[in-house]
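Colleague: coords please:
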Amino acid sequence: MEPVLVFPDPAPPELAQVLDLGGYPWKAVNDDITATRLAPNAGWSGAVICAYADPERAFALCRSLRRSDNQLEPLMILVNGTQLAELEQRDELFEDFCLSPFHPRELEARLKHLFWRSGGVTDTRPELVEYADLVLNLETYQAAVGGKPLDLTFMEYELLKFLSSNPGKVFTRETLLSRVWGYEYYGGARTVDVHIRRLRAKLGEHHAGLIQTVRSVGYRFGQSRWGFTEE
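Modeller: A predicted model of the protein is given here:
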């Protein structure tokens, strides 16, 4: 699986996050010379060009990539709303475009479709756990909610992974201790409560409710299949 070319360098954090969570290897460049120098032997898998910050350089790079001996495709351009009219005269430079600011899920879907259509890199997509706006990459131990990365400790990540992999199921504190921490762990139930509280804080006000308290039992992630919740 060859890397995707990204412009500019450094890549915008929100774009890097989508590529990393999607399992796309990538390298950022600032010009066609660097693109040629860093190109893998088998060529780039495609390109994602951010044209909203420096459109002149961005479109110049697109033209150069299209005119090279091994014409680079597929190519996606990220633009803002004021640039839409410019695209009408430049449709030969790209296969698809996405408006910025973009929702991570939209860009992820567009990239998946783009590379699937061209026989690109999505065949090796890593295993993900997804629920609503939450995404966990099980290969890289990365997590994000609403497109924003979560700074989790190892055990916070493991607890969130276990819960989100079993949505709607209720687990007692003792079960969580044995399944996440392991039978050899001698900590008490308070360990679970502390980690749940920290996870909710890191998920933020709008997503803390993903982890629900089931009174006198334990915790549940997401909605019950019976369609009711308990505080």
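
Colleague: ranges for the strands of this protein?
Modeller: In the chain, the strands defined using DSSP state E lie at 4-7, 26-28, 46-50, 75-79, 96-99, 128-131, 134-137, 142-145, 148-149, 170-172, 211-214, 218-221.

Colleague: of all those strands, which one is nearest residue 181?
Modeller: Evaluated with Cβ to Cβ, those place strand 170-172 nearest to residue 181, the distance being 12.6 Å. No exception for glycine: its C-beta is placed from N, CA and C like everyone else's.

Colleague: quick one: the helices in this structure?
Modeller: For the chain, helices defined by DSSP state H occupy the ranges 13-21, 32-38, 55-67, 84-87, 104-117, 154-164, 173-176, 189-203.

Colleague: residue 94 touches residue 59, doesn't it?
Modeller: No - counting by Cβ atoms under 8 Å, no contact exists between residue 94 and residue 59, whose distance comes to 9.7 Å.

Colleague: which one of the two is surrounded by more residues?
Modeller: The residue with more neighbours, out of residue 94 and residue 59, is residue 94; 23 against 19, by other Cβ atoms under 10 Å.

Colleague: now do the contacts for the more buried one.
Modeller: Residues near residue 94 by Cβ atoms under 8 Å, 6 or more residues apart in numbering: 49, 62, 75, 76, 77, 87.

Colleague: re the thing from before, got JSON lines for the helices of the chain, with distance to residue 144 and mean pLDDT too?
Modeller: Formatted as JSON lines, the helices of the chain follow (distance: least, Cβ to Cβ, whole Å; pLDDT from 0 to 100):
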{"stretch": "helix 13-21", "distance to residue 144": "6", "mean pLDDT": "90"}
{"stretch": "helix 32-38", "distance to residue 144": "27", "mean pLDDT": "94"}
{"stretch": "helix 55-67", "distance to residue 144": "26", "mean pLDDT": "93"}
{"stretch": "helix 84-87", "distance to residue 144": "28", "mean pLDDT": "84"}
{"stretch": "helix 104-117", "distance to residue 144": "7", "mean pLDDT": "83"}
{"stretch": "helix 154-164", "distance to residue 144": "11", "mean pLDDT": "93"}
{"stretch": "helix 173-176", "distance to residue 144": "23", "mean pLDDT": "91"}
{"stretch": "helix 189-203", "distance to residue 144": "11", "mean pLDDT": "92"}
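
Colleague: right, and the ones you listed - which one's nearest residue 137?
Modeller: helix 13-21 (5.2 Å).

Colleague: which residues sit against the closest one?
Modeller: By Cβ under 8 Å, 6+ apart, helix 13-21 touches 4, 6, 10-11, 26, 48, 50, 78, 101-102, 104, 107-108, 111, 128, 135, 137, 140, 142, 144, 147-149.
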